[in-house]
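Peer 1: coords below, sequence missing:
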DNA sequence: AGTCATCCCATTGACGCCCATAAGTTCCCA
DNA sequence: TGGGAACTTATGGGCGTCAATGGGATGACT
């Protein structure tokens, strides 16, 4: 336990509440709060723990970070992020404009992305997945090719030598 | 013991449960969880151990991984993957949409693929096997040609020797 | 007073866990 | 060498627990 994984589809009730999947709540540990912001890459909502955001913040303080990138992230991520509290049943209420941004109405798909997770409209997610699948197929990507490629990438990166 | 081998066909009961072949459970060691996702190449379900997925995850954290590839893998593999628990009898319950994707109804064929395995609809698998067999025959592929080819590749690669 | 947000409680439906059965295999012993 | 016992494995069903969901109550702020 420790990574956001799997996809879960939950309902949005009349009050705008959605249950965060139990396993995701487990990843959050005892945390009753999480951070959400509009994804930079897609019409979806990104979510992460407060801890993760803190670490991101530290990374931004790194002097090697290009100024334009720092500025971009500060405005879009930190500026546009919202801190949400889980209710006693583990539900959150997403801001109206976030729902509109992601096109979420009655269902919400929680997609684990290891250290963070995304919240999609289920239909939009299906479409996105289909597109990604086509792209992977076109590039002939499979688990073994990924691992093989990964190893060569790691080898090229020299230093450690990574995953044996 | 250590590689997923052979093919087994098991039944899907009314609750949607399927027994994972005993020998596959042996490969998993004591693990009570495994990862499944829709195959990129065929209408089948790919499955692997959590460990195997962890290796991928670590590799993705490497800064040398191209961003587009990382994103592609995160959505297709991690986003589309589901973590399944084995019940005390060694059975799993596949998600509804996965079953539909693979066309599985009452039977499930488990096909060992060394480090991972696939789950097929038995009929679809038969068709696929027949096609593969024809292809091999047409290209005159046999175990000995593969071995011969591998040796030349290894010779050419000289130095370290890489993937194993 | 009304509206909104938060919390508490109730329901239901799925999932995990337990047991039972049956078929096939291996091993032991006569 | 043949029979039988014991074990493993696949399969089926019943039951309890927990998560997801929905409705209602309570309190705060306007």
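Peer 2: Received the coordinates, thanks. Since the structure is predicted, the reported quantities are computational estimates derived from the model, not experimental observations.
Peer 1: which stretches of chain A form strands?
Peer 2: Taking DSSP state E, the strands of chain A run over residues A:7-11, A:17-19, A:33-38, A:45-49, A:82-85, A:91-93, A:107-113, A:116-120.
Peer 1: Out of those, which one sits most buried?
Peer 2: Greatest average neighbour count among the strands of chain A goes to strand A:116-120 (a mean of 25), per mean count of other CB atoms under 10 Å in any protein chain shown. Placement of C-beta: from N, CA and C, glycine included.
Peer 1: pLDDT weak spots in chain A?
Peer 2: Counting by pLDDT under 70, chain A contains low-confidence residues at A:1, A:141-164.
Peer 1: any idea how far the residue nearest the centre of it is from residue B:117?
Peer 2: Among the residues of chain A, residue A:117 comes closest to the average C-alpha position under CA atoms, centre = their mean, at 3.0 Å. As defined by CB to CB, to the nearest Å, residue A:117 lies at a distance of 27 Å from residue B:117.
Peer 1: and residue A:106, how far is that from residue B:124?
Peer 2: Taken as CB to CB, the spacing of residue A:106 relative to residue B:124 amounts to 34 Å.
Peer 1: ok, those two, which is more surrounded?
Peer 2: Neighbours per residue (other CB atoms under 10 Å in any protein chain shown) separate residue A:106 from residue B:124, with residue B:124 holding more: 16 against 10.
Peer 1: Surely that one and residue B:105 touch.
Peer 2: No. With contacts counted by CB atoms under 8 Å, residue B:124 stays clear of residue B:105, the gap being 10.8 Å.
Peer 1: what would the strands of chain A look like in CSV with distance to chain B?
Peer 2: Rendered in CSV, the data for the strands of chain A read as follows (distance: least, CB to the nearest CB, whole Å):
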stretch, distance to chain B
strand A:7-11, 6
strand A:17-19, 18
strand A:33-38, 17
strand A:45-49, 12
strand A:82-85, 21
strand A:91-93, 20
strand A:107-113, 5
strand A:116-120, 8
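Peer 1: Just send the ones you listed back as a markdown table, with distance to DNA strand D too.
Peer 2: Converted to a markdown table, the strands of chain A look like this (distance: least, CB to the nearest atom of the strand, whole Å):
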| stretch | distance to DNA strand D |
| --- | --- |
| strand A:7-11 | 3 |
| strand A:17-19 | 4 |
| strand A:33-38 | 14 |
| strand A:45-49 | 15 |
| strand A:82-85 | 15 |
| strand A:91-93 | 6 |
| strand A:107-113 | 8 |
| strand A:116-120 | 12 |
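Peer 1: Format those as a markdown table; extra columns: distance to residue B:113.
Peer 2: Written out in a markdown table, the entries for these read as follows (distance: least, CB to CB, whole Å):
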| stretch | distance to residue B:113 |
| --- | --- |
| strand A:7-11 | 23 |
| strand A:17-19 | 36 |
| strand A:33-38 | 38 |
| strand A:45-49 | 34 |
| strand A:82-85 | 42 |
| strand A:91-93 | 40 |
| strand A:107-113 | 24 |
| strand A:116-120 | 29 |
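Peer 1: Of those strands, which is nearest residue B:36?
Peer 2: Evaluated over the strands of chain A, closeness to residue B:36 peaks at strand A:7-11, with 11.7 Å, by CB to CB.
Peer 1: Is any residue of that closest one near DNA strand C?
Peer 2: No. Contact of strand A:7-11 with DNA strand C (CB under 7 Å from any atom of the strand) is absent, the minimum separation being 9.9 Å.
Peer 1: DNA strand D contacts on chain A?
Peer 2: Taking CB under 7 Å from any atom of the strand as the criterion, chain A approaches DNA strand D at residues A:8, A:10-11, A:13-15, A:18-22, A:25, A:89-91.
Peer 1: at 10 Å what do you get?
Peer 2: A:8-15, A:17-26, A:87-91, A:106-108, A:110 (CB under 10 Å from any atom of the strand).
Peer 1: List the buried residues of the top helix by length along chain A.
Peer 2: The single longest helix within chain A, with elements called by DSSP state H, is helix A:122-138. Under the neighbour-count criterion of 16 or more other CB atoms under 10 Å in any protein chain shown, helix A:122-138 has A:122, A:124-125, A:128-129, A:132-133, A:136 buried.
Peer 1: Which ones among those residues also lie next to chain B?
Peer 2: When those are checked against chain B using CB under 8 Å from any CB of the partner chain, the ones in range are A:128-129, A:132-133, A:136.
Peer 1: among these, which two are most distant?
Peer 2: Of all pairs in these, the most separated under CB to CB is A:128 and A:136 at 12.5 Å.
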